[in-house]
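Q: A predicted structure for the sequence below; I have some questions about it.
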Amino acid sequence: MAPPEDSPLGRLRATFPRPGRVDWIGLRPDRGAPVEVVDHVEAEVGSGLRGDRWTPRRGGQGTRQVTLVQAEHLPVVAALVGRDAVDPALLRRNLVVSGINLTALVGAQIRVGATVLELTGPCTPCSKMEAALGPGGYNALRGHGGWNARVLRGGAIAVGDEVCPTA
């Protein structure tokens, strides 16, 4: 149970030094298909991102309508698999966000561009990460795989958009 917002701990949990930013957007059109990198996308209430394979497959259901990963975690994953960098497309997440701690926002509603999302839980890696990142890729991504979200208010999301908790 979260502390009340008017408590000292509640105020600490609600305070962020600055908003985050959308750095990258990717859509997975079909299972196993290459990720399509785009500059903007439309989020639809109850289903996810237009053009992403999860949208039609989920039929408007589920808690994994949008996936987000923290940009600051990408160098960690790269170091763990012995690479200089990791292309976000390899991780098959939808949004790369920087400048705000997504873990601190789990269970909260966040504004991403014109949309409102609710972070619903961790986006755990799948076995495809071994092929994408090499041996140990699955374990390198554990704890760094990002978060699943549900679309509560639809709208446009673009690279450069602000990411922050809703008021």
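A: That came through, no problem. These numbers come from a predicted model, not from an experiment.
Q: Could you pull up the residues touching the residue lying closest to residue 100 once chain neighbours are set aside?
A: In this structure, residue 100 finds its nearest non-sequential neighbour in residue 20, 2.9 Å apart by CB to CB, 6 or more residues apart in numbering. To be clear about C-beta, it is placed using only N, CA and C from the backbone, and glycine gets the same treatment. Taking CB atoms under 8 Å, 6 or more residues apart in numbering, we find residue 20 in contact with 97-100, 102, 162-164.
Q: swap in residue 156?
A: 40-43, 113-115.
Q: and those, which are buried?
A: Applying 16 or more other CB atoms under 10 Å to these, the neighbour count classes 41, 43, 113, 115 as buried.
Q: ok, what's across the strand from the first one?
A: For residue 41, the beta-bridge assignment (DSSP bridges) gives partners residue 157.
Q: All the strands of this structure, in order from the start?
A: 20-27, 36-38, 40-44, 48-49, 66-70, 95-98, 109-112, 115-122, 147-153, 155-158, 162-165 (DSSP state E).
Q: I am finished for the moment; much appreciated.
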